[in-house]
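Chemist: fold the stuff below for me.
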Amino acid sequence: MAAIRTLVVGDGRMGTLVLEALRADDAFEPVGMVGLEAMGDLVSGAAPAADLAIDFSNKGMLPALAAYVEREGCALLTGTTGLDDADMATLGRLAARVPVVHSANYSLGVAVLRRLAAEASRLLAGWDVEIVETHHNRKVDAPSGTAMALLAAVDPEGARPVRHGREGMVGERPAGEIGMHAVRGGTVAGTHELHLFGEDEEVCLTHRATSRRIFVAGAVACAPRLVEAGPGLHAFDELMLS
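Modeler: Numbers count the residues shown, from 1 in each chain. This is a model prediction of the structure:
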């Protein structure tokens, strides 16, 4: 199989680590990196052609990235967080033509955590649920995309009320409420905890990332499977755990 021509979108820490990993892997042929300052190259056609775009940028680059993917017909693996419904609709439109995967977290351990979270909440229905995520002090969005994915795992219908932190005389905890808490500080790569509280007992599922390299490794491992998957909006869990 020919090396996968890959364009890295986003020249921050994650993009730089992804490019390093691609250069060390014979399965890929890195063709370049495009940052925010060169975003116009994605639209104008100045960016090099590729079979795959790996995106760890920010949501402001999505329109230009979408134009590039549509023109090139390349697969898209994106880890950009903070996307809203309109942004997800854009990914859905692209997925009608090309393979697309979007995940807030490309850690294989987190993929397993989501599955465990879904099963635990099903088996412990009626227990109180709290989600706590901790990240470095430079993270700009909250809650994290991974925390939102855990929320979707325990409440797939989106039917339960969500409380983002608590302050003041909030009263008794309503039945069915899910607490969501974001902690920021230092250089923490990412810690996610799912707490389930029953009568006189607690179950806590925890994932700790000690380096961003685990996310890079997961994305790079997922990329060849995505390229071969065919058009559609694929899930990281589906590609890696099925």
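Chemist: going forward, measure contacts and count neighbours with C-alpha atoms only.
Modeler: Noted.
Chemist: give me every residue that touches the residue nearest the centre of the chain.
Modeler: The centre of the chain sits closest to A104, judged by CA atoms, centre = their mean, with a distance of 1.1 Å. The contact partners of A104, by CA atoms under 8 Å, 6 or more residues apart in numbering, come to 79-81, 144-146, 149.
Chemist: also K59?
Modeler: 80-83, 87.
Chemist: filter these to the buried ones?
Modeler: Buried by 16 or more other CA atoms under 10 Å: 80-81, out of those.
Chemist: restricted to helices, list the contacts of K59.
Modeler: Of the positions in the contacts of K59, D87 sit in helices, assigned by DSSP state H.
Chemist: which one of the contacts of K59 is nearest L226?
Modeler: L226 lies nearest to T80 out of those, by CA to CA, at 16.8 Å.
Chemist: quick one, phi psi at K59?
Modeler: phi -60, psi -20 (degrees, to the nearest 10).
Chemist: again, but for the one 3 residues further on
Modeler: When quoted as degrees, to the nearest 10, the phi and psi of L62 stand at phi -60, psi -40.
Chemist: I'd like to know how far the spatially closest residue to it that is not a sequence neighbour sits from V170.
Modeler: In this structure, L62 finds its nearest non-sequential neighbour in D87, 7.5 Å apart by CA to CA, 6 or more residues apart in numbering. Using CA to CA, to the nearest Å, D87 is found at 34 Å from V170.
Chemist: ok, M180 next?
Modeler: For M180, the distance to V170 equals 15 Å [CA to CA].
Chemist: where does pLDDT dip in the protein?
Modeler: Of all residues in the chain, those with pLDDT under 70 make up the ranges 1.
Chemist: can you pull out the helices in it?
Modeler: Assigned by DSSP H, the chain shows helices spanning 13-23, 40-44, 62-72, 85-95, 108-123, 145-154, 213-227, 236-241.
Chemist: of those helices, which approaches E201 most closely?
Modeler: Using CA to CA, those put helix 108-123 closest to E201, at 13.8 Å.
Chemist: so how far is that closest one off the chain centroid?
Modeler: The chain centroid and the centroid of helix 108-123 are separated by 16 Å under CA atoms, centre = their mean, to the nearest Å.
Chemist: which other residues reach that helix?
Modeler: Contacts for helix 108-123 (CA under 8 Å, 6+ apart): 127, 149-150, 153-154, 194, 196, 205-207, 218, 236-237, 240.
Chemist: now do stretch 155-168
Modeler: Against stretch 155-168 from outside (CA under 8 Å, 6+ apart): 152, 176-181.
Chemist: now it: buried residues?
Modeler: Per 16+ other CA under 10 Å, stretch 155-168 contains these buried residues: D155.
Chemist: endpoints of that stretch, how far apart?
Modeler: Stretch 155-168 has an end-to-end distance of 26 Å (CA to CA).
Chemist: and if you look at stretch 2-16?
Modeler: End-to-end span of stretch 2-16 (CA to CA): 23 Å.
Chemist: same deal with stretch 205-219?
Modeler: Distance across stretch 205-219, first residue to last, is 23 Å (CA to CA).
Chemist: again with stretch 179-195
Modeler: 9 Å.
Chemist: ok, stretch 74-89 next?
Modeler: Note: stretch 74-89 ends 18 Å apart using CA to CA.
Chemist: distance from the chain centre to it, please.
Modeler: The answer for stretch 74-89 is 9 Å, by CA atoms, centre = their mean.
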